[in-house]
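Asks: Kindly generate the corresponding structure for this input.
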Amino acid sequence: MKINLNNVESVQKALDKAQKGTHARLLSVTNLRNSAERAERRLAKAGIAPGQWQGAKVCINPHRTPNNYGHAAYTTAAILERGGKNWFLVQVVRTRCESVSYGTDAEDVISYPYRAVLIQAWAKRYGLTLTGVPDEEYFKILEESMSALEGKR
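Replies: Modelled structure (predicted):
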């Protein structure tokens, strides 16, 4: 799947297919666009020029449940990928919510293919030492998990 986010009708069809028969913890076209815009702001703030955004990915898995939640809860998760000038929806699936101690919603995770450039830009601009930055292996595992879930439908 590779659907331009500007093609609202096709994106909505993909969301409708993934979310068929569900009523809670859903994603909308607006959610996806907002995630893409937040990613652009973060990349720009990190000092990365728009011409270098191609290949960046945004993993959207927004809902969490508290550890003491009484039953399985599912959410819609999606992955966006930046093309030359636009964002594309490349995966959307229903998956089990992550369980956390206090049920907070999560932030989008941005994967940038030029990790060294990203880390250098952040470190230089903000004087930060970054730890716990997800590596490419994390995103590969997440994508494989989502692909496996997609294949079970």
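Asks: alpha carbons only for contacts and neighbour counts from here, please
Replies: Will do.
Asks: quick one: the strands in this structure?
Replies: 3-4, 57-60, 64-66, 74-82, 87-96, 98-100, 109-111 (DSSP state E).
Asks: contacting residues around the second one?
Replies: Judged by CA atoms under 8 Å, 6 or more residues apart in numbering, the contacts made with strand 57-60 from elsewhere in the structure are 35-36, 39, 77-82, 107-112.
Asks: The same query, at a cut-off of 7 Å, please.
Replies: 77-82, 108-112 (CA atoms under 7 Å, 6 or more residues apart in numbering).
Asks: Tabulate those residues in JSON lines, adding columns for pLDDT and distance to residue 43.
Replies: Compiled in JSON lines, the contacts of strand 57-60 are given as follows (pLDDT from 0 to 100; distance: CA to CA, whole Å):
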{"residue": "77", "pLDDT": "90", "distance to residue 43": "21"}
{"residue": "78", "pLDDT": "93", "distance to residue 43": "19"}
{"residue": "79", "pLDDT": "93", "distance to residue 43": "17"}
{"residue": "80", "pLDDT": "95", "distance to residue 43": "14"}
{"residue": "81", "pLDDT": "94", "distance to residue 43": "13"}
{"residue": "82", "pLDDT": "94", "distance to residue 43": "12"}
{"residue": "108", "pLDDT": "72", "distance to residue 43": "13"}
{"residue": "109", "pLDDT": "73", "distance to residue 43": "12"}
{"residue": "110", "pLDDT": "75", "distance to residue 43": "9"}
{"residue": "111", "pLDDT": "72", "distance to residue 43": "10"}
{"residue": "112", "pLDDT": "66", "distance to residue 43": "9"}
